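> I would like the atomic coordinates for the input below:
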Amino acid sequence: MLYEKTGQPQHLELAEWVIEELGKPGSCGYLEDALARKEIQQFRARRWEGLHCIQGICELGFITGDARYHNAFTHIWWEMLKGDRHNTGGFTSAEACQGNPYDQRAIETCCTVAWIALTIDMLRLTGDARVADELELSTFNAILGAQHPSGRWWTYNTPMDGERRASAHDIVFQSRPGSPELNCCSVNAPRGLGMLSEWAMMVAEDGAVLNYYGPGSMTISLPSGMRLTVIQETGYPLDGKVKMTVDLDKPEHFSLYLRIPGWSRENSLTVNGKIAGSPSPGSYVSLCREWKSGDVVELRMDVSLHFWVGEQELEGKTCIYQGPILLAYDRYFNQMDPDDIPMLDARGLSGELACWDGWLDSWLLLKSRAKDGRELYLCDFASAGVSGTPYRSWLSVEGGSPVPFSRENPKRIWRPK
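Okay, the predicted model is just below:
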C-alpha cells in the first residue's frame, strides 16, 4: 500500500521479500499452501492474525498483475468460508481456522473484524454478489451482536450458543490501570461497523454498485466525477421492501447495479413505477439508463424463513434465518429454560411479529408455535442475550436435511418444498 501511495520501488521490493520469507520452510507458507490447493485446516499457518498477510497477497496481485497472488487469495477465501464462517457470520474457533463451522469454541470479535476486511478485498477482486452477502451476514449478526446496546462494551467471544460477556471480563489480563475496558477486541471491534463505508456502495467502471440496504443515504463520486446520492426508505432487513431515490446535480447516463441476495427467491423491481424485471438471487441486476435527480427505484425481496441444517457437533440442530437475520431463542423472552426448548417443524413454521413490554426490546421478535403447542419467541441474534440471559441459535427443528457447501449456496440454505 505504501508503494501504491509513493511509487517508490523499494517498498514493493520489501513486500515481495516478505512474501518470499513467508514461504520458507518453517514459516507460514500461505501462497504455497494455497497454490497447492490445500484445505484450510491443512495450512501450515491458520491463526486469524495471518489474514492481514493474506490481504497483502491480494494487494500484490492488484499491483503486479501476477495471477499467482489472486489465484492463491481466492482459494484461501473460499476455503475459509467453507470451513470457518459460522452461522452468525463470525469467523474461526479458538482464534484459528479449524475447517469446521460447527466448532463450539470461542469466536473472537477481532477474528470476525479481520474476516470482514479480507472479504471486502474479495469483493473488490471478484465483484461477486455472494461475497457481499457474506459482509451483510457478518455485519447484521456477528458484529452487531458483539456490541452491547448500551454502547459501553464489546465482547471477546460471541458464541453461536451461550451468553454475552464483556471482553474486559473474558480477557481481563489485558486490563491496565485507568483503562480497564480497553483491550484488543474493544478497540478493534468498531472497525466492523466503520468498514461499512468501504462496501455499502462502490464505484464500478461504468457506474455504481449498491451492496447495502438500510434506511439512510449514501454518496459517492461516479467515474465521471459526478456525485451520486442514493436515499433509502426501508424497514430492511426486517422486511424486504426498499425504496431508493436518486439525487444528482444533473442527468447522467450510467449503470446502477443492485445486489440481489442469494437467500431471496422471489424479487421484483420497478424504476419510476415501471416494471424492470424479476432479478435472479445471488447476482447483481444492472439498470443502465440516463438517470436524473428524483428517479425512484423500488426493490422487493423475499425475506421468508430459510434454514441451515447442522452436522458434526451440531447434528440434529438447525438454525433459522429471516432474510439475512439469524434468529435465536433467548431465555429473557421465553418461559422455558434452554434445555427445554421445544421442537419446531420447518415445514409449517411461520413467525408473527411480536412486541415486548419488558425493560429491554429486540430489533426483531417473532412469535412461533412449537410442535407441542407451546409459544416460542425468537429474536434477532444481535439482540439475543444482551440482558445476560442464555441464548441459542442452533435449535431443534424437524423436517430438514443437511445441504453440502457449494459456491452457489455457501450458506447451505434449505427451504421446505
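> Leaving out the residues flanking it, which one is nearest to Met301?
Counting by C-beta to C-beta, 6 or more residues apart in numbering, Met301 lies nearest to Gly240, which is 3.5 Å off, once chain neighbours are set aside. (Glycine included, C-beta is placed from N, CA and C.)
> cool, and Met244?
In space, and not counting its chain neighbours, Met244 is closest to Val297: 4.4 Å by C-beta to C-beta, 6+ apart.
> Would you check how far apart that neighbour and Ser175 are?
Applying C-beta to C-beta, to the nearest Å, one obtains 49 Å for the distance of Val297 from Ser175.
> out of those two, which sits in the more crowded spot?
Taking other C-beta atoms under 10 Å, Val297 and Ser175 do not tie; Val297 has more neighbours (21 against 14).
> List the beta-bridge partners for Val284.
Not quite, residue 284 is Tyr, not Val. Counting by DSSP bridges, Tyr284 forms beta bridges with Arg259.
> So the closest residue in space to Arg164 that isn't next to it in sequence: helix, strand or coil?
Of all residues not flanking Arg164 in the chain, Gly385 sits nearest, at 4.2 Å (C-beta to C-beta, 6+ apart). State at Gly385, reduced to three classes by DSSP: H, G, I helix; E, B strand; the rest coil: coil.
> So the protein: which segments form each domain?
2-194, 200-300, 305-398 (automatic domain parsing).
> out of those, which comes closest to Phe405?
Across the domains of the chain, Phe405 has its closest neighbour in domain 2-194 (4.8 Å, C-beta to C-beta).
> Quick one: mean pLDDT for the closest one?
Throughout domain 2-194, pLDDT has a mean value of 96.
> what about that domain, how long is it end to end?
With C-alpha to C-alpha, to the nearest Å as the measure, domain 2-194 spans 22 Å from end to end.
> So for stretch 275-285, what gets flagged as buried?
Neighbour counts over stretch 275-285 (16 or more other C-beta atoms under 10 Å) mark 276, 279, 281-285 as buried.
> still on that earlier bit, beta partners for the residue nearest to Met244?
Assigned bridge partners for Val297, using DSSP bridges, are Met244, Val271.
> Let's see the pLDDT reported for it.
98.
> does it really touch Tyr257, like I thought?
No - Val297 is beyond contact range of Tyr257, at 11.4 Å (criterion: C-beta atoms under 8 Å).
> if I look at those two, which residues touch both of them?
Residues touching both Val297 and Tyr257 (C-beta atoms under 8 Å, 6 or more residues apart in numbering): Leu287.
> would you list every one of the helices in the stretch 51-200 of the chain?
51-64, 67-84, 109-126, 129-137, 144-146, 167-170, 184-188, 191-194, 196-199 (DSSP state H, counting those that start in this stretch).
> related to what we said a few turns ago, so what does the residue nearest to Met301 have for phi and psi?
Backbone torsions of Gly240, given as degrees, to the nearest 10, read phi -100, psi 10.
> Am I right that it is in contact with Pro281?
No - judged on C-beta under 8 Å, Gly240 makes no contact with Pro281 at a distance of 11.9 Å.
> how about Arg347, what does it touch?
Arg347 touches 399, 416, counting by C-beta under 8 Å, 6+ apart.
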